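**Student:** I'd like to go over a predicted model; first the sequence, then the structure.
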Amino acid sequence: MKKVLVAFAISCCTFMLTNIAHAAPHFDDEPRTESRGHGKKARQDKHDQYDKRRMREERGVQRLQQLRWQPGYVMPQHYRGNGYKVEYKNHSLPKPDRKQQWYKVNDDYILVNSETNSIIRIITD
């Protein structure tokens, strides 16, 4: 019985020590930033991705600014935000019917059907 208890105590101690060894901090000779992919190359790749996204967004804005609006066209989603909405009273515009909204885009006032987002009328400023 004594041998069984000693074997059990040794196995418990061994088990506890292995768990402590796994939980202990790991020390390397190489810096942590390089081992996790945060080195110069990773920063440069991230910067390149940001530049590409910014250039793509600028091209999209330029393309949208060159649009020629026509009645019947669907208003692009980019312009449907509250930032482009205007009150007809403040800009001497005709009163819109129910479910219609005036927007100002590139010095044009555009009357849009709120349900279908189709352009009804355009007034150039």
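**Tutor:** Received, thanks. Numbers count the residues shown, from 1 in each chain.
**Student:** Quick one: neighbours of the closest residue to residue 99 other than its chain neighbours, just the number.
**Tutor:** Distance criterion CB to CB, 6 or more residues apart in numbering; nearest residue to residue 99, sequence neighbours excluded, is residue 114 at 4.6 Å. C-beta coordinates here come from the backbone N, C-alpha and C atoms, glycine included. Residues lying near residue 114 (other CB atoms under 10 Å) number 13.
**Student:** Check the gap between residue 114 and residue 58 for me.
**Tutor:** 30 Å (CB to CB, to the nearest Å).
**Student:** go on, residue 92?
**Tutor:** Residue 92 is 33 Å from residue 58, by CB to CB.
**Student:** ditto for residue 5
**Tutor:** Applying CB to CB to residue 5 and residue 58 gives a distance of 76 Å.
**Student:** Averaging pLDDT per element, find the lowest-scoring helix or strand in the chain.
**Tutor:** helix 32-35 (a mean of 49; mean pLDDT, DSSP states H and E).
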